[in-house]
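Student: Quick one, what's the 3D model for this:
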Amino acid sequence: MVILHDFNLDLDHFSLPDNLIKKIELLGFKIIDINKSSLDEREKCTIFFGNRIKSEDLIFLPNLKYIHLGCVGYNNLDVEKLKDKKIILSNSSNIVEDAMAEMVLTAIMWFNKRIYEIDENHKISRTFYNKFYKNLRLLSNTKLLVYGYGLVGKKTVDLLKKFTSHITIVKRDVKNSNYDFVINPTNALKVVDKYDYIVNCLPLNESSIKYFNKDYFKLMNPQSVYINIGRSGTTEINDLINEINQKKIRGTYLDVYDEADLEKLNPLKNNRILVTPHISGWHNEYWLNQSKLCLNNFIKYKEGYYKQLENVITLSNK
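Tutor: This next block holds a predicted model:
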């Protein structure tokens, strides 16, 4: 069986470890970088392992039967099309979510403690911090409005619950929840100004595209901060920057954004814009955990135990 992969970005997080390649080959698979694959190898490919495959790529992989994503999100794939083609899809849930939640906590503390206010023009002194005395709030008194109740949202809320009880979750279905305080998006719009942090953990779909725009940001209070670890397409960047520049909101932390927008964000010149290059899920145990997951799934797939695969999104009707 041929496995094609796209872990070819010359970054540790996106490079298959040599020992994992050897273990996959010992299982009887031939694993090849898709960028180095021949037409014959693409035609023989039955498994794709990676992050960047899209629905339009399926035409080049006519015998593909199984996709295992090294990430959590699968919005680049048409799930219904996969079902029609009887292609199994699994993702890497429960590997990166803890790290993403910790990044949200880091960003909140960065703003809560006014660390961002210090730059090369300021002396480190009590006199400087005295002007922010009334704004140095304890996290336990901080109010959070969290959008999205998927795996990332749940991990984020579970972590933040250890520090504050003032958390409201926004989700469409308010009935099926283990948390006491959940509201739907319509009711959330009525109370946005009551929260210190708006945390976006939303996937990208028809209802979330550009959901966070000037109309939304104008509902926030001037001391609130917008955090996005969901998808870049959920946010209208120009509107966000405009509100920050006019000091209508305090600032933002973004781990997701379009590369073309980085110059507009200009985080090196605006200390109220905190940006990281889509690395909120990175941690040094990723490949240890990923190896266990993918090897187990590849073995189960080869043996035909499709219903025993972990983290299945779509399952073939075989």
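Student: So what touches the helix or strand containing residue 127?
Tutor: Residue 127 is part of helix 126-130, with elements assigned from DSSP states H and E. With contact meaning C-beta atoms under 8 Å, 6 or more residues apart in numbering, helix 126-130 is reached by 114, 117, 118, 122, 136. Where you see a C-beta, it was placed from the backbone N, CA and C, and this is true even at glycine.
Student: Greatest separation within those residues: which pair is it?
Tutor: The most widely separated members of the contacts of helix 126-130, counting by C-beta to C-beta, are 122 and 136 (15.8 Å).
Student: Under the pLDDT cut-off, which ranges of the stretch 201-318 of the chain? List them.
Tutor: 316-318 (pLDDT under 70).
Student: On the three-state scheme, residue 290 is what?
Tutor: Residue 290 falls in the helix class when you classify it by DSSP: H, G, I helix; E, B strand; the rest coil.
Student: any idea how far it is from residue 45?
Tutor: Plainly put, residue 290 is 20 Å away from residue 45 if you go by C-beta to C-beta, to the nearest Å.
Student: Okay, strands next: where are they in the stretch 201-318 of the chain?
Tutor: With DSSP state E, counting those that start in this stretch as the criterion, the stretch 201-318 of the chain has strands at 225-228, 251-254, 273-275, 312-314.
Student: Out of the contacts of helix 126-130, who's the most crowded?
Tutor: residue 114 (17 neighbours; other C-beta atoms under 10 Å).
Student: Give me the distance between stretch 282-297 and the centre of its chain.
Tutor: The chain centre lies 17 Å from the centre of stretch 282-297; the measure is C-alpha atoms, centre = their mean, to the nearest Å.
Student: can you check stretch 164-184 too?
Tutor: On the basis of C-alpha atoms, centre = their mean, the separation between the geometric centre of stretch 164-184 and that of its chain is 20 Å.
Student: Buried residues of that stretch, list them for me.
Tutor: Buried residues in stretch 164-184, counting neighbours by 16 or more other C-beta atoms under 10 Å, are found at 164, 166, 167, 168, 169, 170, 171, 179, 182, 183.
Student: residues near residue 243, how many?
Tutor: Neighbours around residue 243, by other C-beta under 10 Å: 21.
Student: so who does it touch?
Tutor: Listed by C-beta under 8 Å, 6+ apart, the contact partners of residue 243 are 214, 217, 218, 220, 249.
Student: Output stretch 249-267 as PDB - backbone C-alpha positions only.
Tutor: Extracted C-alpha coordinates of stretch 249-267, given in PDB (Å, rounded to 0.1, in the frame of the first residue of the first chain):
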ATOM      1  CA  ILE A 249     -11.200  47.900  21.900                       C
ATOM      2  CA  ARG A 250      -8.000  47.300  23.800                       C
ATOM      3  CA  GLY A 251      -6.200  44.800  21.600                       C
ATOM      4  CA  THR A 252      -6.100  41.400  20.000                       C
ATOM      5  CA  TYR A 253      -4.200  38.100  20.000                       C
ATOM      6  CA  LEU A 254      -4.300  36.200  16.700                       C
ATOM      7  CA  ASP A 255      -2.700  32.900  16.000                       C
ATOM      8  CA  VAL A 256      -4.600  32.600  12.700                       C
ATOM      9  CA  TYR A 257      -4.700  35.200   9.900                       C
ATOM     10  CA  ASP A 258      -4.000  35.400   6.200                       C
ATOM     11  CA  GLU A 259      -0.400  36.000   5.300                       C
ATOM     12  CA  ALA A 260      -1.400  39.000   3.200                       C
ATOM     13  CA  ASP A 261      -2.800  40.600   6.400                       C
ATOM     14  CA  LEU A 262       0.400  40.400   8.400                       C
ATOM     15  CA  GLU A 263       1.700  43.700   7.100                       C
ATOM     16  CA  LYS A 264      -1.600  45.400   8.000                       C
ATOM     17  CA  LEU A 265      -1.400  43.900  11.500                       C
ATOM     18  CA  ASN A 266       2.100  45.200  11.900                       C
ATOM     19  CA  PRO A 267       2.500  43.700  15.400                       C
END
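Student: From the chain's centroid, how far away is that stretch?
Tutor: A distance of 15 Å separates the centroid of the chain from that of stretch 249-267, by C-alpha atoms, centre = their mean.
Student: what about the stretch 51-200 of the chain, any weak spots by pLDDT?
Tutor: Low-confidence segments of the stretch 51-200 of the chain, defined by pLDDT under 70: 120-122, 175-180.
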